[in-house]
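*Asks:* fold the following and give me the result.
(2 chains)
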2 protein chains.
Amino acid sequence: MEEWTIEINRSATKKEKPNTDQLEFGRVFTDHMFIMDYSVPLGWHDARIIPYQPFSIDPSAMTFHYGQSVFEGLKAYYTPEGNIQLFRPEKNMQRLNRSNDRLCIPPIDEAFVLQAIKQLVYLDKDWIPTAEGTSLYIRPFIISTEPFIGVAPSHQYRLIVILSPVGAYYKEGINPVKIAVENQYVRTVKGGTGEAKTGGNYAASLKAQELCSQKGFTQVLWLDGVEKKYIEEVGSMNVFFKINGKVYTPALNGSILEGVTRNSVIQLLQHWNVPVIEERISMEVLYQAYLDGSLEEAFGTGTAAVISPIGQLSWEDKDLYINDGKTGKISRDLYNTLTRIQYGKEKDPFGWIDIVNEANAVKQ
Amino acid sequence: MEEWTIEINRSATKKEKPNTDQLEFGRVFTDHMFIMDYSVPLGWHDARIIPYQPFSIDPSAMTFHYGQSVFEGLKAYYTPEGNIQLFRPEKNMQRLNRSNDRLCIPPIDEAFVLQAIKQLVYLDKDWIPTAEGTSLYIRPFIISTEPFIGVAPSHQYRLIVILSPVGAYYKEGINPVKIAVENQYVRTVKGGTGEAKTGGNYAASLKAQELCSQKGFTQVLWLDGVEKKYIEEVGSMNVFFKINGKVYTPALNGSILEGVTRNSVIQLLQHWNVPVIEERISMEVLYQAYLDGSLEEAFGTGTAAVISPIGQLSWEDKDLYINDGKTGKISRDLYNTLTRIQYGKEKDPFGWIDIVNEANAVKQ
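*Replies:* Okay, here's the model as predicted:
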């Protein structure tokens, strides 16, 4: 890590915090934010923590026009003992730089940005909710800010980290969802930006999501953009299937996002001696497994829900009711173990937990 | 068109205008901008022309995170008689709404936004350069502004129109370029957002563009994302090939942008009784036409360059030198006729020209 300093400008006032039972995802933000700018002569510079506030930007800023942007999402958790934990944050920093590379954005110093995130979280630690299942969502993102409307990589960028207290994803216990296999729209394709966490992938997903919601489904299951046969992701989560005692997930192929929860689930299953197979999975093969009774469970994985069991999967004119529409044992075990590790209620044998403590206190 | 009014706040000072011979594309902006906001209770509202300036936006504004944005590009031209002309602006308004639909952005009133653009252009008409080949580039764009970091269509949007005086694209005459056929990266795929003018498509293109530039090429030629066999676009332009006296262009297939210049070229060729064929074109067929000597010309079409002849096309280990690397007759005729119509130097038999005049003067 290079030598960096972070300027601190503390907020003069503290905002009122929302009630824990009224927390929504991503609508309320804390008292401070972290900012760092990039320019060609200076590189990344002017790292600072300032009061959370709107910022001024030119209407010709490239990010508005050509979508050159990347982001990450992770969480801070309070343990019952009052410790603050992050879950594998270095994976998010690594992926941010992989996304940067795909989007022609200059790399960040991963260790420094992680340290900045820890300082910001510690400064705003009173915002981390403590109720069961709640956490502080951390959103680092980078936008291109050069005032130039030509199609080219920007010469100026801004990295911002904002924090949002979020409620329990499952208010009434982990609950299976209805998913529709998407046959018309595609999220991305090999050679595209699917591996990167960039806005365009999410913008492309909105139309299919809107149409499936109208039909009563929670999310869509994306098929590959080439043959529309092979399973890629579900909504903005990775997806797993338990078939005949083995757990399958689509192999990373260049268009699937490499989820941190996906990777953790694979490690956890291997730790439990459950066979995990990463390979190309067609809807046809999945449907045959359903028909012959060997499809035992299906679930999505992501930072928000951790584990999201799939109770019904609709594909063309067929409805697959998986595990009688109930949460399966593996899904529940994974959810319980992952969340217990994240919240410090269970020993972490993997070195996944990164502590935020007084060492991250702002000295100024 | 509904009843709308535009509030006007004139700039107190006028910025210095750049020298005509130093004009770059998209770096300098005029004295004013048009803004209109959308919210769920009000719909599109608060239409206003204000001094060109940065604006304040929340770091959680959805556009920074999930890329829900669209844009357009068109030009205003001064005729030798001092009239101001737009070229088929209603096509841009129609496409803006098609892009809006794909990106789940509420539709605009096309006639009203066109009228607002005309008012803005007339107000800043001193910024339209008059030298040969120069024009005023008009950039309407819409961003999602709701302060919410959830993946869903925004409930708040901002439409902005900014203007930029641009120099002649060909300073030393129309000039053929070297193009590399892209085999690794893809721009988009059927079922994706390729038909829409949205930032993500351009963000996805940057990496391939960067790599081809390093190898000395001007732009890439995109193949389809499914089979990587069929020709889609060149850089951010549509593409045409003259083979054995007939002109071919890839048929609109859901992943190709429907260019206004593309459509105008097709109409113009038909007007000239040159056969035009819109169909799927493979690189293999094009290469065979090159080998047997029937590939006579190749060119890109777009608002910026109008016509961009392709002198060299590199595909895998093969280099196709088209028309001995020189600008062909059809390319030159199309360029001359289109630009002469745009600049009012030739009669417009197609009803393409839309005049901006005193009727568009701001009354306030």
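*Asks:* what residues sit buried inside stretch A:209-221?
*Replies:* For stretch A:209-221, the neighbour count (16 or more other CB atoms under 10 Å in any protein chain shown) marks A:209, A:211-212, A:217-221 as buried. Just so you know, the C-beta spots here come from the backbone N, C-alpha and C atoms, and that holds for glycine as well.
*Asks:* now, which of the residues you listed sits nearest A:Lys246?
*Replies:* A:Leu221 (19.7 Å; CB to CB).
*Asks:* in the stretch 51-200 of chain A, which residue sits closest to chain B?
*Replies:* Nearest residue of the stretch 51-200 of chain A to chain B: A:Gly200, at 2.0 Å (CB to the nearest CB).
*Asks:* that residue looks like it's in a helix, true?
*Replies:* Yes - per DSSP: H, G, I helix; E, B strand; the rest coil, A:Gly200 lies within a helix segment.
*Asks:* that one reaches B:Asn201, doesn't it?
*Replies:* Yes - if you go by CB atoms under 8 Å, A:Gly200 and B:Asn201 touch, sitting 7.1 Å apart.
*Asks:* more neighbours: which of the two?
*Replies:* Neighbours per residue, other CB atoms under 10 Å in any protein chain shown: of A:Gly200 and B:Asn201, the larger number sits with A:Gly200, 30 against 27.
*Asks:* find the nearest non-adjacent residue to that one, please.
*Replies:* B:Gly200 (2.0 Å; CB to CB, 6 or more residues apart in numbering or on different chains).
*Asks:* tell me the pLDDT at that neighbour?
*Replies:* pLDDT for B:Gly200: 96.
*Asks:* which residues do A:Gly200 and B:Asn201 both contact?
*Replies:* A:67, B:193 (CB atoms under 8 Å, 6 or more residues apart in numbering or on different chains).
*Asks:* so A:Gln288 is in which element?
*Replies:* helix A:283-291 (DSSP states H and E).
*Asks:* where do the helices sit along chain A?
*Replies:* For chain A, the helices defined by DSSP state H cover A:62-66, A:89-102, A:110-123, A:199-214, A:260-271, A:283-291, A:329-342.
*Asks:* to B:Gln115, which of those lies closest?
*Replies:* Here helix A:62-66 is closest among the helices of chain A (CB to CB), at 23.0 Å.
*Asks:* tell me the gap between stretch A:224-243 and the middle of its chain.
*Replies:* Relative to its chain's centre, stretch A:224-243 lies at 17 Å (CA atoms, centre = their mean, to the nearest Å).
*Asks:* could I get that stretch in PDB with only the CA atoms?
*Replies:* Output of stretch A:224-243 as PDB, limited to C-alpha atoms (Å, rounded to 0.1, in the frame of the first residue of the first chain):
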ATOM      1  CA  ASP A 224     -26.900 -17.400 -22.100                       C
ATOM      2  CA  GLY A 225     -27.200 -14.900 -24.900                       C
ATOM      3  CA  VAL A 226     -25.900 -17.200 -27.600                       C
ATOM      4  CA  GLU A 227     -28.100 -20.300 -27.500                       C
ATOM      5  CA  LYS A 228     -30.600 -19.300 -24.900                       C
ATOM      6  CA  LYS A 229     -30.300 -22.800 -23.500                       C
ATOM      7  CA  TYR A 230     -27.700 -22.500 -20.600                       C
ATOM      8  CA  ILE A 231     -28.400 -21.100 -17.200                       C
ATOM      9  CA  GLU A 232     -26.400 -18.000 -16.200                       C
ATOM     10  CA  GLU A 233     -27.800 -16.100 -13.200                       C
ATOM     11  CA  VAL A 234     -31.100 -15.300 -11.400                       C
ATOM     12  CA  GLY A 235     -31.900 -11.600 -11.200                       C
ATOM     13  CA  SER A 236     -28.800 -10.100  -9.800                       C
ATOM     14  CA  MET A 237     -27.700 -13.300  -8.000                       C
ATOM     15  CA  ASN A 238     -25.700 -16.400  -8.900                       C
ATOM     16  CA  VAL A 239     -27.700 -19.600  -8.900                       C
ATOM     17  CA  PHE A 240     -27.200 -23.200  -7.500                       C
ATOM     18  CA  PHE A 241     -29.100 -26.400  -7.900                       C
ATOM     19  CA  LYS A 242     -28.900 -29.500  -5.700                       C
ATOM     20  CA  ILE A 243     -29.400 -32.600  -7.900                       C
END
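*Asks:* does any bit of that stretch sit next to chain B?
*Replies:* Yes - Stretch A:224-243 lies within reach of chain B by CB under 8 Å from any CB of the partner chain, at A:225-228, A:235-236.
*Asks:* next, check the residues you listed against the strands and list the overlap.
*Replies:* If you go by DSSP state E, those have nothing in strands.
*Asks:* what's the PyMOL syntax to select whichever of those residues are buried?
*Replies:* In PyMOL, this line selects whichever of these come out buried by 16+ other CB under 10 Å:
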select buried, chain A and resi 225+226+228+235+236
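*Asks:* what's the most distant pair in the residues of stretch A:224-243 next to chain B?
*Replies:* Applying CB to CB across the residues of stretch A:224-243 next to chain B, the maximum distance is between A:Glu227 and A:Ser236, 22.2 Å.
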